[in-house]
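K.L.:
pasting a predicted model and its sequence here:
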Amino acid sequence: MTATSLLSVDLGDWVARRAVTHADVVAVECGDERLTYRELDARVGSAAGRLAALGVREGEPVGLLHANGNGFAILAHAITRAGAMCAPHNARLTASEIAWQLRDAGARFLVADAEHAALARTAAEAAGVTLLDADDPAWRSAPPLDGGGAIPFERAHSVIYTSGTTGQPKGAVLTHGNFYWSAVASAANLGVASDDRWLACLPLYHVGGLSILLRSAIYGTTAVIHERFDEARAVHALREERVTLLSVVANMLQRMLAVDEARYPSTVRAVLLGGGPAPRSLLEASAERRLPVLQTYGLTESASQVATLSATDALRKLGSAGLPLPGSTVRIEVDGAPARPGDVGEILVAGPTICAGYLHRPEATAEAIRDGWLHTGDLGFVDSEGYLYIADRRDDLIVSGGENVYPAEVEAALQAFPGVEECAVVGVPDDRWGAMVVAVVVPGSGDIDGAALEAHLRARLAGYKLPRRIDLSREALPRTSSGKVQRHLVRDRLAQG
């Protein structure tokens, strides 16, 4: 019997279950709108009933383009209650990028709110899918679909697109079991309080934000949703609105600390910090304000967290991502062999949170997940006490303002412009965004029209992926003997001016 079959238990519908056990507890809260689990269950049931009436089939992806809010939560739960896969789309992508994902997933429907109606219409037309208005009253009046059916571990819950390092992203298929065991691991690490209120100010279309919604439903606690991150509003939520848990990246926390210098109430149990190691100054400032900061390491393919560093270890293990969470096993390999403590190699992760694979990508799945181990492509090491350290992000990933930017995707757009002979895209430190996207372009024999190049990129890339600076150089880019551009040397050149 395989490990997966041992975990093939009936997980049930989380919202439906909490409508029975925690009926009057607030499930989701956004601004002045609050829905208890009883109310959320009713809304989810009607929305799922409408999807079923439209002919949504079990296991098919349903696109979701929606702003952070209770509406997103209702539809995300409804899509999965209808037996389909929730396919949330990054609202900052271009219409052509969203259309590509819809076609790649094989989606037939895209649900979008009024805020993204124009973007969704263009994407839906390009992809040839049916656009559904998320604000249509029919979502509330359809005959409800109850959540009483069995849900096995293996049933696909979501498909989240990630890793555009080859110029094309891949859809990681996350199961109900992946999210359930991620919640179990987080509970074992942080504990669960009956009055927990987890603030979701990260985008809900990312796995970090979506996980907050799902964990809260699994626990029967409250997800407090902000439409977008605003440092003053986040500070107010922690100080005045009894928020107990918060997930952010370093630059978001820095902006919060800049708002005021007062200490935080003891009701704040943990601030989970992703996106890479935090500087000592940030950790010290957080400690002075009595903010318990827990640095984390995770991936979309692992349903969010893999390892977490406790607040008490924050300075003792500066730069570490901490210890693996219960249920996750981490090992480091160098040339296919287990590494010794301190040796840098590829980070491999195994456990029940590892995704089922990449949608319609059997070869990519077989390459990434071997014998149950996810080969992350990230480089790191484990010290003598078992603490994980990240040496470099996967394939030179740039984390800018909490968004992942993959250099190869931006480079592909640059190289499609006439006159660009070669180019390299890297991230350089930035106080506000954490990292800034910078491109180094080597032109061919002629000159490059900067305005035309910018227009070319804007038509192909989301705004956060656009290089904030483009340096033209007549000097060839540094390459390995096999011809691969050495981005770390490009970064060194930029640092040296």
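P.N.:
Sure, I can see it.
K.L.:
for the residue lying closest to Phe381 once chain neighbours are set aside, phi and psi?
P.N.:
Nearest residue to Phe381 in three dimensions, chain neighbours excluded: Val344, at 4.8 Å (Cβ to Cβ, 6 or more residues apart in numbering). Just so you know, the C-beta spots here come from the backbone N, C-alpha and C atoms, and that holds for glycine as well. Val344 adopts backbone torsions of phi -80, psi 130, taken as degrees, to the nearest 10.
K.L.:
do the same with Pro362
P.N.:
Main-chain torsions, Pro362, degrees, to the nearest 10: phi -60, psi -40.
K.L.:
roughly how far apart are it and Asp371?
P.N.:
To Asp371, Pro362 is 16 Å away according to Cβ to Cβ, to the nearest Å.
K.L.:
and Tyr205, by the same measure?
P.N.:
Here the criterion is Cβ to Cβ. By it, Tyr205 lies 31 Å from Asp371.
K.L.:
among the two, which residue is more densely surrounded?
P.N.:
It is Tyr205, of Tyr205 and Asp371, that has more neighbours when counted by other Cβ atoms under 10 Å, with 25 against 6.
K.L.:
in stretch 412-422, what counts as buried?
P.N.:
Residues Ala412, Ala413, Leu414, Phe417, Val420, Glu422 are the ones in stretch 412-422 that count as buried (16 or more other Cβ atoms under 10 Å).
K.L.:
hmm, Leu204 and Asn90 touching each other?
P.N.:
No. Under the criterion of Cβ atoms under 8 Å, Asn90 makes no contact with Leu204, lying 10.5 Å away.
K.L.:
and of the buried residues of stretch 412-422, the nearest to Thr329?
P.N.:
Ala412 (35.1 Å; Cβ to Cβ).
K.L.:
tell me how far the helix or strand that contains the closest one is from the chain's mean position?
P.N.:
According to DSSP states H and E, Ala412 maps onto helix 407-415. Distance, stretch centre to chain centre, for helix 407-415: 21 Å (Cα atoms, centre = their mean, to the nearest Å).
K.L.:
quick one: the strands in the stretch 251-400 of the chain, in order.
P.N.:
For the stretch 251-400 of the chain, the strands defined by DSSP state E, counting those that start in this stretch occupy 270-274, 293-299, 304-308, 320-324, 329-334, 337-338, 345-350, 357-358, 369-370, 373-382, 388-392, 398-400.
K.L.:
now tabulate those strands in CSV and tack on mean neighbour count.
P.N.:
Converted to CSV, the strands of the stretch 251-400 of the chain look like this (neighbours: other Cβ atoms under 10 Å):
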stretch, mean neighbour count
strand 270-274, 24
strand 293-299, 24
strand 304-308, 28
strand 320-324, 23
strand 329-334, 17
strand 337-338, 10
strand 345-350, 22
strand 357-358, 21
strand 369-370, 16
strand 373-382, 19
strand 388-392, 19
strand 398-400, 21
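K.L.:
to Asp492, which of those strands lies closest?
P.N.:
With Cβ to Cβ as the measure, strand 388-392 is the member of the strands of the stretch 251-400 of the chain nearest Asp492 (13.8 Å).
K.L.:
and Ala150, backbone torsions?
P.N.:
Torsion angles, degrees, to the nearest 10, at Ala150: phi -80, psi 140.
K.L.:
name the nearest residue to it, sequence neighbours excluded.
P.N.:
Once flanking residues are discounted, Ala150 sits nearest to Asp10: 4.3 Å by Cβ to Cβ, 6+ apart.
K.L.:
and that neighbour, how many neighbours does it have?
P.N.:
Asp10 has 10 nearby residues by other Cβ under 10 Å.
K.L.:
who has more neighbours out of Asn90 and Leu204?
P.N.:
Neighbour count, other Cβ under 10 Å: between Asn90 and Leu204, Leu204 has more, with 25 against 19.
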